[in-house]
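Visitor: mind folding the following:
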Amino acid sequence: MTQALINHIRAQFPALHQDVNGKPLVYLDNGATTQKPQCVIDALSEYYRLNNSNVHRGAHTLSDRATQQFEDARKTLQAFLNAAKAEEIVWTRGTTESINIVAATWGRQNIKAGDEILVTGMEHHSNIVPWQMLCEHTGATLRPIPVKDNGELDMNAYADMLSDKVKLVSVVHVSNALGTINPVAEIIKQAHAVGAKVMVDGAQAVSHWNVDVQTLDVDFYAFSGHKLFGPTGIGVLYGKEDLLNSMPPYQGGGEMIEHCSFDKTTYNVLPYKFEAGTPNIAGAIGLATAINYLNGLDRVLLEQHENNLLERANELADKLGGLRKIGTASNKASVFSFLLDGAHPADVGTLLDQQGIAVRTGHHCAMPIMEQFNVPGTVRASFSFYNTMDDVERLFAGLEKAKMFLL
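Guide: Numbering: from 1, shown residues only. Model (predicted):
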């Protein structure tokens, strides 16, 4: 990717152009949340300035406009994931709520005592705790698929764990803590062979490349808008139509009903059965705007640029010395997790912040994999396509200074 193109892209992200602690900002916390292009900010502003109204139920022009934008956004998400129907796109608050919806509806309806649910050892807490809660309620068993020392999933162990007892496999597409890209297509194929359904946490994947849910044949797929250059508080649950139709509602209230009386309530059709109450209308519009922005770029070129940033980080890490990489899978997204020998991650993060460099430190809501590596947490630099080689160079110059203070 040429420097001119990078500069053109960066110009569209206002937050990148500020000083932090007297230094130009280097934003390397994209795994936690991505910055927003001006077009997304403008879309949110326009909705609240001109079209602020509730959707579906208003008998006036503002409501008609808001409803049209809201449902057009759903169609944008359908195309983005290549879902068969727009009705398979359910708006949620984010990946966490999406997983909880599946656990509380499909899970309670289909999981019973003696059944098994498989997750990986590298999951975010949001793809562990809802299944633990389900298992406590039903008497099922949650089993983690082992992770190798390099951060790759042990696919031989996975194959051995599969049986007719396994009713659900729920896996992360890309590890937020390690950057590992899991072979979800093969995971899904093997799970389906024993009759299990599959849920994929795609929160860290959709910002890097296109995901085709029909090609994957995945049963449920979830992600969050704020990690995809969109607003916070909005997310998506994709589910196959037959599965969503078979599931009970998650919450009761307005919009999710067809008819309500004290004798009996009947539920609305998809996707509204799962969208009780006033939705995050502006969030949906903003997320669709972010996707339209991405669709105007060469995503293959962007992914290649991110891979180049990660490659450069690995080169500089080898030269720095005293640095331990956490997660060295051969197939990785642009996540660089590490420790400096003898230094606590939080101290490293603080010293980097003083130099205007934003990274994430801690266990990254993935405590089980931290325990496996016997570390309290890591420093995580996560790159996006608007980052530059100079950002990577500044990160390692900052680490050199941090070593002088800490070691």
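
Visitor: need the residues that contact stretch 277-287.
Guide: 36, 40, 43-44, 47-48, 54-55, 66, 69-70, 73-74, 77, 91, 93, 225, 228, 230-234, 236, 251, 253-255 (C-beta atoms under 8 Å, 6 or more residues apart in numbering). Just so you know, the C-beta spots here come from the backbone N, C-alpha and C atoms, and that holds for glycine as well.

Visitor: just the buried residues out of the residues you listed, in ChimeraX syntax.
Guide: To isolate the buried ones among the contacts of stretch 277-287 in ChimeraX, judged by 16 or more other C-beta atoms under 10 Å, type:
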select :36,40,43,44,47,54,55,66,69,70,73,74,77,91,93,225,228,230,231,232,233,234,236,255
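
Visitor: which residue ranges form the helices in the stretch 51-200 of the chain?
Guide: 61-81, 95-102, 108-110, 129-138, 155-161, 184-193 (DSSP state H, counting those that start in this stretch).

Visitor: can you pull the phi/psi pair for the residue located most distally from the centre of the chain?
Guide: Here the centre of the chain is the reference, and by C-alpha atoms, centre = their mean the most remote residue is residue 263, at 41.2 Å. Listed backbone geometry of residue 263 is phi -80, psi -40, with angles given as degrees, to the nearest 10.

Visitor: can you tell me which residues contact the closest residue in space to residue 31 that isn't next to it in sequence?
Guide: Counting by C-beta to C-beta, 6 or more residues apart in numbering, the nearest residue to residue 31 once its immediate chain neighbours are dropped is residue 382, at 3.4 Å. Residue 382 makes contact with 28, 29, 30, 31, 32, 179, 334, 335, 336, 360 under the criterion C-beta under 8 Å, 6+ apart.

Visitor: what's the closest non-adjacent residue to the fifth one?
Guide: So the one you mean is residue 32. If the residues on either side of it in the chain are set aside, residue 32 comes closest to residue 360, at 5.4 Å by C-beta to C-beta, 6+ apart.

Visitor: and that neighbour, how many neighbours?
Guide: Other residues within reach of residue 360, judged by other C-beta atoms under 10 Å, total 23.

Visitor: first to last residue in stretch 100-111, what's the distance?
Guide: The straight-line separation of the ends of stretch 100-111 (C-alpha to C-alpha, to the nearest Å) is 14 Å.

Visitor: cool, and stretch 94-112?
Guide: One end of stretch 94-112 sits 27 Å from the other (C-alpha to C-alpha).

Visitor: stretch 31-48 too?
Guide: In stretch 31-48, first residue to last residue: 28 Å (C-alpha to C-alpha).

Visitor: quick one: it to chain centroid distance?
Guide: What separates the centre of stretch 31-48 from the centre of its chain is 17 Å, taken as C-alpha atoms, centre = their mean, to the nearest Å.

Visitor: so, low pLDDT: which residues of the protein?
Guide: For the chain, applying pLDDT under 70 flags the ranges 407.

Visitor: in it, which residue is closest to the centre?
Guide: Most central in the chain under C-alpha atoms, centre = their mean is residue 203, positioned 1.1 Å from the mean C-alpha point.

Visitor: where's that residue, which helix or strand?
Guide: Here residue 203, judged by DSSP states H and E, is contained in no helix and no strand.

Visitor: just to be sure, residue 361 is in a strand?
Guide: Yes - according to DSSP: H, G, I helix; E, B strand; the rest coil, the state of residue 361 is that of a strand.

Visitor: ok, it touching residue 376?
Guide: No - look at residue 361 against residue 376 with C-beta atoms under 8 Å: they stay out of range, at 9.7 Å.

Visitor: which residues do the two both contact?
Guide: Joint contacts of residue 361 and residue 376 (C-beta under 8 Å, 6+ apart) are residue 345.

Visitor: neighbour count: those two, which is higher?
Guide: The neighbour comparison of residue 361 against residue 376 (other C-beta under 10 Å) goes to residue 361, with 20 against 15.

Visitor: if the more buried one is in a bridge, with which residues?
Guide: Note on residue 361: beta-bridge partners by DSSP bridges are residue 379.

Visitor: which ones are touching it?
Guide: 345, 346, 348, 349, 377, 378, 379, 380.

Visitor: returning to what we had before: tell me the spatial nearest neighbour of the residue nearest to the centre of the chain, not counting adjacent residues.
Guide: Nearest one to residue 203, counting by C-beta to C-beta, 6+ apart, is residue 95 at 4.4 Å.

Visitor: now swap in residue 86 and tell me
Guide: Ranked by C-beta to C-beta, 6+ apart and with sequence neighbours excluded, the top spatial neighbour of residue 86 is residue 78, at 4.5 Å.

Visitor: now do that neighbour against residue 87, distance only.
Guide: Here residue 78 is placed at a distance of 9 Å from residue 87 (C-beta to C-beta, to the nearest Å).
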